[in-house]
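Q: What follows is a predicted protein model with its sequence.
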Amino acid sequence: MDHTPAWLINSFIYLSAAVIAVPLSKALGLGAIIGYLAAGMAIGPWGLGLVSNVQDILHFAEFGVVLMLFLVGLELEPKRLWSMRRPIFGWGSAQVLACALLLTGAAMVFGVGWRIALVASLGLALSSTAIALQVMAERNLMPTSSGRAAFSILLFQDVAAIPILALLPLLAVEVASASHGATASHPALEAARIVGVIAAIVLGGRLLLRPLFRWIARSRTPEIFTAASLLLVVGIASLMHLVGLSMALGAFLAGVLLAESEYRRELETDIEPFKGLLLGLFFIAVGMSIDFGVLIASPGLMAAIVVGFLLLKCLVIYALATLMELPFQDRPIFTLLLAQGGEFAFVVFQAAAGAQVFDAQTASLLIGAVAVSMLVSPLLLVATDKWLLPRLAQRRPTVQMEEIAEQQRAPVLIAGFGRYGQIVGRMMLAEGIACTVLEHDAEMVEAARSFGYQVFYGDASRLDLLRTAGAATATVLVVAVDDVDQSLKIVDLARAHFANLTIVARARDVTHWNQLRDRNVMLVQREMFESSLRSGRSVLELLGHSPEEADVSARRFRTHNLELFEQMYPHYKDRAKMIAVAKQGRQQLEAQMAQERLERARRKAEERAAQAAD
């Protein structure tokens, strides 16, 4: 009987480890990345020892990072990328240089030679593109200012890795021994090669890729289109690697060039599953690559390196976040995303050992520190989410605002000036009706005032502030706050102390609507109801209904739904009875609509018959 192939056994091991560790990690609230890293440590040389060829797996799994950068590039059109050139080269260079200088200075203070200190600092200044982009995707941070800033810096780091590798032979103790890549050739020829390859990718992407994919798409063979997508990424990555450039950077350029093509979405769909699996394998390989032998031999030194470079990088990156004027609550996450070491540091330190800038033991120590930082970083993010961010959310604004103090006498009082309250307030102002607006979020107050609205800072659930805002003389109180409990508290205060007020309230959901009705609030608007009706009417028109028919259907549904709510309200605390009333109402509506459809069809048939007779 033949032996089982090694690739089959390894595949079984990797997939089993991931399937067990990742769901367990997610269930514990630690995230997928920690699960992958833990799986790698469990099956690696220092765990169960099921896998030994860690470096080969790590090199193969790096293709997951390449695919991820290709997909990111597909989301960035060339014009948008060009608009990001200043943050990429401005803030990106500031982060790399500031971190490298501070880390070099700190290392030299502790007696490390300047060559080792500089190379180690340049490697440690880089961040993990894989972890950062994965976390940003999970948290949907890419569209935010913090996400764009982090991505700009990560993109510059990919570019900066090229001169860092080129610098290594110049720092070697024996320059002649440096033989990494193509750095032995003449610098001018090397630069020309690099420029030529990038130009070939850009021009080829502009002139050849779209016609090529158009030709492949005509074959109507989905698996060939998928193969062509992978071939594109593999080919460009190989070309970039051949001249000593970042494979991920090349894939990113290819993605940008295809961002405006008609095949963008199909490419994303084809590549996404491979990216996810290979990225998971990359994190498993990182977990396997942690050299616990070095950690056991020098635990104090390892801990000092990890804690030291993380703290120094955090100081620099947080200072940059402040200078970039990122939102206050985003700064801790932004800092941690860029603080850990990166996968490219593995390449830098291995190349430095090959160029004899430092010995193999030092390289192992630094590679171990980077791997440990990549393991610690997701844990720090979890801790930040659970303990730091909730406290920051409760923290009072740094700009202290005075609460409303002068007595107001406007006929309309609006509690809450978010998206709902703003529309009501703007409509009143357009009609020349004075409003007093209370908003308890200081940032919202500042934003509204910057647009010229008179908004007062204060919590409308406080009786004294309601009196000052003019609740005793106003005619209408609009309760537009987001929080359900606060909304009900405001209504209770108004009912108890200001009988003159007619309350118009916003209901977030059916339960909130019922609670407001319990308080005898009759003018209640469900926040999504009217907009959903308009969307439904648009769908009917797109499906062939005339605008008049769609409008009649929408109005019929609206009337029936409001009547059904009134019928369900007396029973909302009796779930079984409420469900029975809802089902009965739905059946009545369906029967009524079916009868109307038959009537419309009969009228159309009569009209066609009359036209044919004429």
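A: Here it is on my side, so go on.
Q: what helix or strand is the nearest residue to V479 once chain neighbours are set aside on?
A: Of all residues not flanking V479 in the chain, A505 sits nearest, at 4.3 Å (CB to CB, 6 or more residues apart in numbering). Every C-beta, even on glycine, is put in place using the N, C-alpha and C of the backbone. In this structure, A505 sits in strand 502-507 according to DSSP states H and E.
Q: Show me what that strand packs onto, helices and strands only.
A: strand 476-479, helix 484-497, helix 510-518, strand 523-526 (3 or more CB pairs under 8 Å, 6 or more residues apart in numbering; DSSP states H and E).
Q: Just the angle for the third one relative to helix 484-497, thanks.
A: Orientation check (axes from the mean of the first three to the mean of the last three CA atoms, to 10 degrees): helix 510-518 against helix 484-497 gives 10 degrees.
Q: Any buried residues in helix 510-518, and which?
A: Neighbour counts using 16 or more other CB atoms under 10 Å place H512, W513, N514, Q515, L516, R517 of helix 510-518 among the buried residues.
Q: before we move on, back to that, if you compare the helices and strands packed on strand 502-507, which one is most tucked away?
A: Comparing the helices and strands packed on strand 502-507 by mean neighbour count (mean count of other CB atoms under 10 Å), strand 476-479 ranks first with a mean of 24.
Q: Name the strands paired with that strand and say parallel or antiparallel.
A: strand 412-415 (parallel), strand 502-507 (parallel) (DSSP bridges).
Q: For it, give the mean pLDDT please.
A: Average pLDDT, strand 476-479: 93.
Q: Please apply the same query to stretch 251-265.
A: 73.
Q: What residues sit buried inside it?
A: Going by 16+ other CB under 10 Å, stretch 251-265 has these buried residues: A251, F252, L253, A254, G255, V256, L257, L258, A259, S261, Y263.
Q: Alpha carbons of it, as PDB, please.
A: Extracted in PDB, the C-alpha atoms of stretch 251-265 (Å, rounded to 0.1, in the frame of the first residue of the first chain):
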ATOM      1  CA  ALA A 251      -0.300  43.100  -6.900                       C
ATOM      2  CA  PHE A 252      -1.600  46.300  -5.500                       C
ATOM      3  CA  LEU A 253      -0.600  48.200  -8.700                       C
ATOM      4  CA  ALA A 254      -2.400  45.600 -10.800                       C
ATOM      5  CA  GLY A 255      -5.500  45.900  -8.700                       C
ATOM      6  CA  VAL A 256      -5.500  49.700  -9.100                       C
ATOM      7  CA  LEU A 257      -5.100  49.400 -12.900                       C
ATOM      8  CA  LEU A 258      -8.200  47.100 -13.000                       C
ATOM      9  CA  ALA A 259     -10.300  49.200 -10.500                       C
ATOM     10  CA  GLU A 260     -12.100  50.900 -13.300                       C
ATOM     11  CA  SER A 261     -12.600  47.800 -15.500                       C
ATOM     12  CA  GLU A 262     -16.000  46.200 -16.000                       C
ATOM     13  CA  TYR A 263     -14.600  42.900 -14.600                       C
ATOM     14  CA  ARG A 264     -13.700  44.400 -11.200                       C
ATOM     15  CA  ARG A 265     -16.500  42.700  -9.300                       C
END
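Q: you'd agree I131 is up against G341?
A: No - the pair I131 / G341 is not scored as a contact, 9.8 Å apart, by CB atoms under 8 Å.
Q: Do you know the pLDDT at T4?
A: 67.
Q: buried set for the strand holding A505?
A: Buried-residue list, strand 502-507, by 16+ other CB under 10 Å: I503, V504, A505, R506, A507.
Q: Now do whichever strand or helix holds I317: distance to the chain's middle.
A: Assigned by DSSP H and E, I317 belongs to helix 299-323. Here helix 299-323 shows a centroid-to-chain-centroid distance of 24 Å under the convention CA atoms, centre = their mean, to the nearest Å.
Q: and for that helix, what are the contacting residues?
A: Residues outside helix 299-323 that contact it (CB atoms under 8 Å, 6 or more residues apart in numbering): 91, 94-95, 98-99, 102-103, 106, 124-125, 146, 149, 294-295, 330-331, 334-336, 338-341, 365-366, 368-369, 372-373, 376.
Q: Next secondary structure element downstream of that helix?
A: Following helix 299-323 in sequence, per DSSP H and E, is helix 331-339.
Q: Packing partners of that following helix?
A: Helix 331-339 packs on helix 129-139, helix 145-171, helix 299-323, helix 360-383, helix 389-394, going by 3+ CB pairs under 8 Å, 6+ apart.
Q: who touches stretch 339-347?
A: 58, 62, 65, 123-124, 126-131, 157-158, 161, 165, 246, 282, 286, 289, 309-310, 313-314, 317, 366-367, 369-371, 373-374, 376-377.
Q: follow-up on the earlier one: I'd like the helices and strands packed on strand 502-507 laid out as a markdown table, including distance to R86.
A: Formatted as a markdown table, the helices and strands packed on strand 502-507 follow (distance: least, CB to CB, whole Å):
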| stretch | distance to R86 |
| --- | --- |
| strand 476-479 | 43 |
| helix 484-497 | 42 |
| helix 510-518 | 46 |
| strand 523-526 | 45 |
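Q: Can you tell me which of the ones you listed is nearest to L28?
A: helix 484-497 (30.0 Å; CB to CB).
Q: which other helices and strands contact that closest one?
A: helix 463-468, strand 476-479, strand 502-507, helix 510-518.
Q: For the residue nearest to the spatial centre of the chain, which residues are in contact?
A: In the chain, the centroid-proximal residue (CA atoms, centre = their mean) is N140; its distance is 2.0 Å. For N140, the contact set (CB under 8 Å, 6+ apart) is empty.
Q: Name the residues that touch the strand holding A505?
A: In contact with strand 502-507 (CB under 8 Å, 6+ apart) are residues 420, 475-481, 487, 491, 494-495, 513, 516, 521, 523-527.
Q: circling back to that earlier point, will you turn the helices and strands packed on helix 484-497 into a markdown table that also has distance to L301?
A: Rendered in a markdown table, the data for these read as follows (distance: least, CB to CB, whole Å):
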| stretch | distance to L301 |
| --- | --- |
| helix 463-468 | 58 |
| strand 476-479 | 61 |
| strand 502-507 | 60 |
| helix 510-518 | 58 |
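Q: and P570, which of those is closest to it?
A: Across those, closest to P570 is helix 510-518 (CB to CB), at 9.8 Å.
Q: Give me the mean pLDDT for that closest one.
A: Mean predicted lDDT for helix 510-518 stands at 85.
Q: Count the neighbours of the nearest residue to A132 once chain neighbours are set aside for me.
A: Nearest residue to A132, sequence neighbours excluded (CB to CB, 6+ apart): L337, at 4.5 Å. The local packing count at L337 equals 27, with neighbours defined by other CB atoms under 10 Å.
Q: Let me have the buried residues of strand 502-507 in a markdown table, extended by pLDDT.
A: Below are the buried residues of strand 502-507 laid out as a markdown table (pLDDT from 0 to 100):
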| residue | pLDDT |
| --- | --- |
| I503 | 93 |
| V504 | 92 |
| A505 | 90 |
| R506 | 88 |
| A507 | 87 |
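Q: Could you single out the nearest of those to A200?
A: The nearest member of those to A200, counting by CB to CB, is R506 at 58.2 Å.
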